[in-house]
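Undergrad: Show me how the following folds:
(4 chains)
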2 protein chains.
Amino acid sequence: MSKSERTRQYIIEKTAPIFNTKGYEGTSLNDITQATGLTKGGIYGNFKNKDEIAIAVFEYNFERLLIMLNSEISKKKTYREKLLCFPELYLGFLGEKFPVGGCPIMNTAIEADDTHDKLKKVAKNALLKWIDSFVYLINKGKENGEFKAEINPEDKALIIISLIEGAIMITKVTGKTKYLKSLMTSLKVHIKDF
Amino acid sequence: MSKSERTRQYIIEKTAPIFNTKGYEGTSLNDITQATGLTKGGIYGNFKNKDEIAIAVFEYNFERLLIMLNSEISKKKTYREKLLCFPELYLGFLGEKFPVGGCPIMNTAIEADDTHDKLKKVAKNALLKWIDSFVYLINKGKENGEFKAEINPEDKALIIISLIEGAIMITKVTGKTKYLKSLMTSLKVHIKDF
DNA sequence: AATAAATTATACCAAATGGTATAATTTTAA
DNA sequence: TTAAAATTATACCATTTGGTATAATTTATT
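TA: This next block holds a predicted model:
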């Protein structure tokens, strides 16, 4: 790994929580230099512009989340247990395992959908990938005979994601974890009925 | 209504769609003067600062939404029909009836939850109000014998809101209305099981 | 119609924004 | 170890940001 590759990665890691809390527009170059200890020269020698940092950071935040979730999923044997990981894990989404600032997909989707085409596109792709990963798991569970034959994988994937994102949004803005618990319990009940 | 009250209202109405698409930080004073045709003097003679406009605009966007939804609900007789209004209405959330830029509660919650205490508070109150209105409807339906005795109104309210907000977020960022249809159908099915 | 009061326009401000040219410094390879 | 290449710091830039003091103009009241 060359020096510039290491610095690039360093910048991404140091600014990831900032972008995910302040938003991609709300994060200033000043925030970036402060968080990294580098000067503008150091930043712009490694990235063309702020957009490029924002996109790299988004992809980092999303990948990190996927890797963490997949590592938990892979511990489970049945597909129902794999799906049941999600309500279980997201009960602790305020903890260290999860990106600071909430779900990067939702944050970016909401901020960029009407204003920032490039970011919108990466958020879209990430979301489609996430939907697909649920569809894959549910299909496997169907082939397996674990899940009912009549359930529609995409429909169920969308419900799972909506309940998770809804839980994050509602819990973060109200500060009440009872809403998180309620929604993750509902999700659990729902998955048990697959 | 005094001149200043009319101007205040005029500023709110003209900038409401801007705040709801660009975000409350992302909307500049320049955007506001352009949209209203007023100068800074005209704006600051009626509002103390940008925050005050943002909050007034949020409350306007939210009230408008509530009024529209309530006017549809009041047309229905049974409480199940009243709840079924939501999946029906939100199928057309991209139309004129709904605020431009998506759901003001979600937009504001996501933007402000880690950065802007005042806006976070108004978004929180709006959300709690919305939850309560669902709880009220579900309780009425229970008293009525329309809904099962064992369902928990708050749990169900949270599911309804999550599916709606999830649908908006997913549909706006992917541009695929099939996701909207899928989620609103799921919500319909869910309400029919109350 | 005259005057006091409220409202809006003009002209300004300091600070912050994203970005760049260039000079200084490190890395890297020979 | 030295020279070439890559990286980072410094100093700058034009533009935009939110906000204000004051002057001009409307409104409202008598």
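Undergrad: drop to CA atoms for contacts and neighbour counts, all remaining ones
TA: OK.
Undergrad: ok, the closest residue in space to A:T115 that isn't next to it in sequence - contacts?
TA: Nearest residue to A:T115, sequence neighbours excluded (Cα to Cα, 6 or more residues apart in numbering or on different chains): B:K22, at 6.4 Å. Neighbouring residues of B:K22 by Cα atoms under 8 Å, 6 or more residues apart in numbering or on different chains: A:111, A:114-115.
Undergrad: nearest to B:E72, of the residues you listed?
TA: A:D114 (27.7 Å; Cα to Cα).
Undergrad: Enumerate the residues of chain A near DNA strand D.
TA: Residues of chain A lying close to DNA strand D by Cα under 7 Å from any atom of the strand are A:2-5, A:7, A:37-46.
Undergrad: Most neighbours among those residues, which one is it?
TA: Greatest neighbour count in those, by other Cα atoms under 10 Å in any protein chain shown, goes to A:I43: 21 neighbours.
Undergrad: can you tell if the longest helix seen in chain A touches DNA strand C?
TA: In chain A, taking DSSP state H as the definition, the longest helix is helix A:117-143. No. Judged by Cα under 7 Å from any atom of the strand, helix A:117-143 makes no contact with DNA strand C; its nearest approach is 13.2 Å.
Undergrad: If you count neighbours, what's buried in that helix?
TA: For helix A:117-143, burial by neighbour count (16 or more other Cα atoms under 10 Å in any protein chain shown) applies to A:119-124, A:126-127, A:130-131, A:134-135, A:137-142.
Undergrad: After it, which helix or strand is next? Please name it.
TA: For helix A:117-143, the following helix or strand on the C-terminal side (DSSP states H and E) is helix A:153-174.
Undergrad: residues making contact with that following helix?
TA: In contact with helix A:153-174 (Cα under 8 Å, 6+ apart) are residues A:87, A:90, A:93, A:102-103, A:106, A:131-132, A:134-136, A:138-139, A:177, A:179-180, A:183-184, A:187, B:106, B:109-110, B:113, B:120-121, B:123-124, B:127-128, B:159, B:161-163, B:165-167, B:179, B:182-183, B:186.
Undergrad: what about 7 Å?
TA: Identification of contacts with helix A:153-174 by Cα atoms under 7 Å, 6 or more residues apart in numbering or on different chains yields A:102, A:131, A:134-135, A:138-139, A:177, A:179-180, A:183, A:187, B:109-110, B:113, B:120, B:124, B:159, B:162-163, B:165-167, B:182-183.
Undergrad: Next to chain B, which bits of chain A? Give me the list.
TA: A:21-22, A:101, A:107, A:109-110, A:113-115, A:120, A:124, A:155, A:158-159, A:162-163, A:165-167, A:169, A:172-174, A:182-183 (Cα under 7 Å from any Cα of the partner chain).
Undergrad: PyMOL command to pick out the buried ones of the residues you listed?
TA: Only the buried entries of the residues of chain A next to chain B go into this PyMOL selection, using 16+ other Cα under 10 Å:
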select buried, chain A and resi 21+22+101+107+109+110+113+114+120+124+155+158+159+162+163+165+166+167+169+172+173+174+182+183
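Undergrad: before we move on, could you check phi and psi at A:E146?
TA: Dihedral pair for A:E146: phi -70, psi -40, per degrees, to the nearest 10.
Undergrad: so A:L137 makes contact with A:R80?
TA: No. A:L137 is not in contact with A:R80 according to Cα atoms under 7 Å; the separation is 8.7 Å.
Undergrad: give me phi/psi at A:V57?
TA: Torsion angles, degrees, to the nearest 10, at A:V57: phi -70, psi -40.
Undergrad: Surely it is in contact with A:I12?
TA: Yes. With contact defined as Cα under 7 Å, A:V57 counts as touching A:I12 (5.4 Å).
Undergrad: I'd like the distance between the nearest residue to A:T7 once chain neighbours are set aside and DNA strand C.
TA: Leaving out its chain neighbours, the residue that sits closest to A:T7 by Cα to Cα, 6+ apart is A:N46, at 7.6 Å. According to Cα to the nearest atom of the strand, to the nearest Å, A:N46 and DNA strand C sit 11 Å apart.
Undergrad: Secondary structure element for A:N46, which one?
TA: With DSSP H and E as criterion, A:N46 is part of no helix or strand.
Undergrad: for it, phi and psi?
TA: Per degrees, to the nearest 10, the backbone of A:N46 is at phi -110, psi -20.
Undergrad: Thought A:R8 was touching it, still the case?
TA: Yes. Using Cα under 7 Å, A:N46 is in contact with A:R8, at 6.1 Å.
Undergrad: residues touching A:P87, list them.
TA: Residues in contact with A:P87 (Cα under 7 Å, 6+ apart) are A:184, A:187-188.
Undergrad: The residues you listed in helices, which ones?
TA: Going by DSSP H, the helices hold A:184, A:187-188 from these.
Undergrad: ok, these vs A:L29, which is closest?
TA: Taking the ones in helices among the contacts of A:P87 together and measuring to A:L29 by Cα to Cα, the closest member is A:M184, at 37.6 Å.
Undergrad: Roughly how far does the residue lying farthest from the centre of chain A sit from B:T185?
TA: Farthest-out residue of chain A from its mean C-alpha position, per Cα atoms, centre = their mean: A:G41, at 30.6 Å. From A:G41 across to B:T185, the span is 53 Å (Cα to Cα, to the nearest Å).
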